[in-house]
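A.B. asks: What shape does this take:
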Amino acid sequence: MPSYEDLPRDGTFHAVCPLDCPDQCGLLIHKQDGKIIKVEGDPEHPVTKGHICNKVRNLAERIHDEKRLQYPLKRIGAKGEGSFARISWDEALSTISDRWKELIQTDGPESILPYSFYGNMGRLAAEGMDRRFWNRLGASRLDRTICNSAGAVGYKYTMGGSFGIDPEDTIHTKLFIFWGINAVSTNMHQVALAQKARRENGAKIVVIDIHKNQTGRLADWFIPILPGTDSALVLGLMHILFDENMVDEDFMKKYTVGHEELREHVKQYDPMAVSEITGVPVDDIYRLARMYGTTSPSFIRIGNGPQHHDNGGMFVRTVSCLPALTGQWLVKGGGAIKG
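C.D. replies: The predicted structure follows:
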């Protein structure tokens, strides 16, 4: 493998975004005299097709920012004072390794807890060599997720696994519901597909969130909701879907279990009671339920936002039932994806 010094110093090079986003956009990196001077999207990438966010578009400025940390610092004052002194890499590595050796001798390797999550992601940085290192060391194991564990479990309870539709199939979708996700900032390629479906198929975009972010401003209809009440809204929608016979009975009988009990359970979530819980007007609850119940294919992009409440797992478990009630899993462009 060539060393960094052997790499070409000038030209345009294909690369992949290193930051924390599932899309992992294809990039074109422009170098001059060995320095990255420009970053742009790769229009020939089959999925991201040249679209990149502003954070990555300005990555060259970030890399060369004089304020960026460039060497190890060691705290010399009390914790919280912000007093640090520059040390060498050798001293930094020795300080860490010596402390670890001491802990392993006195308390065992499980006294060391590696705590990290995605930031600079990529295939190698996120789930690569560090896992092997910590396992070999014998350190405590940690589920490396701080934003969607509850939702992942809830989705698995309903779906049996991390299943969802192919995002590229959503160009056929007629109704997009972005629930608790600022997709314009965090899932821009899904938004691009939604906009294409809106232009070519007349698709409608509905956003449900606690505040009107960029995705809410993009929507055809923005529905504000009180924080932590999303599950109640879903149950209210189910109440109407069952009550007005907008469910796919054949699909439920063939592919689901528990739909009879669910039908009885949601009777208590009439639109008036749900409105008082969620802050969503009764008329809007009926309108959304009827829109979802009569539009096919329909797609729900389940975001991380509602998962950050103590009932977040149950919300995901509940909302992921909706495509089954209306049989959307059998329709191209229908279904759901959990973030």
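A.B. asks: ranges for the strands of the stretch 201-339 of the chain?
C.D. replies: For the stretch 201-339 of the chain, the strands identified by DSSP state E, counting those that start in this stretch occupy 204-209, 221-224, 298-302, 335-338, in order along the chain.
A.B. asks: other SSEs contacting the second one?
C.D. replies: It stands for strand 221-224. strand 204-209 (3 or more CB pairs under 8 Å, 6 or more residues apart in numbering; DSSP states H and E). No exception for glycine: its C-beta is placed from N, CA and C like everyone else's.
A.B. asks: Listing partners with orientation, what would you give for the strand it packs on?
C.D. replies: On the basis of DSSP bridges, the sheet neighbours of strand 204-209 come out as strand 175-179 (parallel), strand 221-224 (parallel).
A.B. asks: Output the ones you listed in JSON lines; the columns should cover distance to F242, mean neighbour count and mean pLDDT.
C.D. replies: Written out in JSON lines, the entries for the strands paired with strand 204-209 read as follows (distance: least, CB to CB, whole Å; neighbours: other CB atoms under 10 Å; pLDDT from 0 to 100):
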{"stretch": "strand 175-179", "distance to F242": "19", "mean neighbour count": "25", "mean pLDDT": "98"}
{"stretch": "strand 221-224", "distance to F242": "21", "mean neighbour count": "18", "mean pLDDT": "98"}
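A.B. asks: wait, isn't L28 in contact with H14?
C.D. replies: Yes: under the criterion of CB atoms under 8 Å, L28 is in contact with H14, at a separation of 6.6 Å.
A.B. asks: where exactly do the helices run in the stretch 201-339 of the chain?
C.D. replies: With DSSP state H, counting those that start in this stretch as the definition, the stretch 201-339 of the chain shows helices at residue ranges 214-218, 230-243, 249-255, 259-265, 271-278, 282-294, 312-319, 322-325.
A.B. asks: so can I have a markdown table of these showing mean neighbour count, mean pLDDT and distance to G303?
C.D. replies: A markdown table is the format used below for those (neighbours: other CB atoms under 10 Å; pLDDT from 0 to 100; distance: least, CB to CB, whole Å):
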| stretch | mean neighbour count | mean pLDDT | distance to G303 |
| --- | --- | --- | --- |
| helix 214-218 | 17 | 96 | 9 |
| helix 230-243 | 23 | 98 | 10 |
| helix 249-255 | 13 | 97 | 25 |
| helix 259-265 | 13 | 97 | 23 |
| helix 271-278 | 18 | 98 | 17 |
| helix 282-294 | 17 | 98 | 17 |
| helix 312-319 | 24 | 94 | 10 |
| helix 322-325 | 24 | 98 | 15 |
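A.B. asks: for the ones you listed, which one sits closest to I177?
C.D. replies: Ranking the helices of the stretch 201-339 of the chain by their distance to I177 (criterion: CB to CB) puts helix 282-294 first, at 7.2 Å.
A.B. asks: for the closest one, packing partners?
C.D. replies: If you count contacts as 3+ CB pairs under 8 Å, 6+ apart, helix 282-294 packs onto strand 175-179, strand 204-209, helix 230-243, helix 271-278.
A.B. asks: how about a cut-off of 7 Å?
C.D. replies: Helix 282-294 makes packing contacts with helix 230-243, helix 271-278 when contacts are defined by 3 or more CB pairs under 7 Å, 6 or more residues apart in numbering; DSSP states H and E.
A.B. asks: For the shortest one, which outside residues touch it?
C.D. replies: With CB atoms under 7 Å, 6 or more residues apart in numbering as the contact definition, helix 271-278 has outside contacts at 225-226, 229, 232-233, 235-236, 240, 281-282, 285-286.
A.B. asks: Could you do the first one as well?
C.D. replies: Under the criterion CB under 7 Å, 6+ apart, residues 180, 225, 247, 262-263, 266-267, 269-271, 274, 277-278, 280, 285-286, 288-289, 292-293, 306, 311, 314-315, 318-319, 322, 325 lie in contact with helix 230-243.
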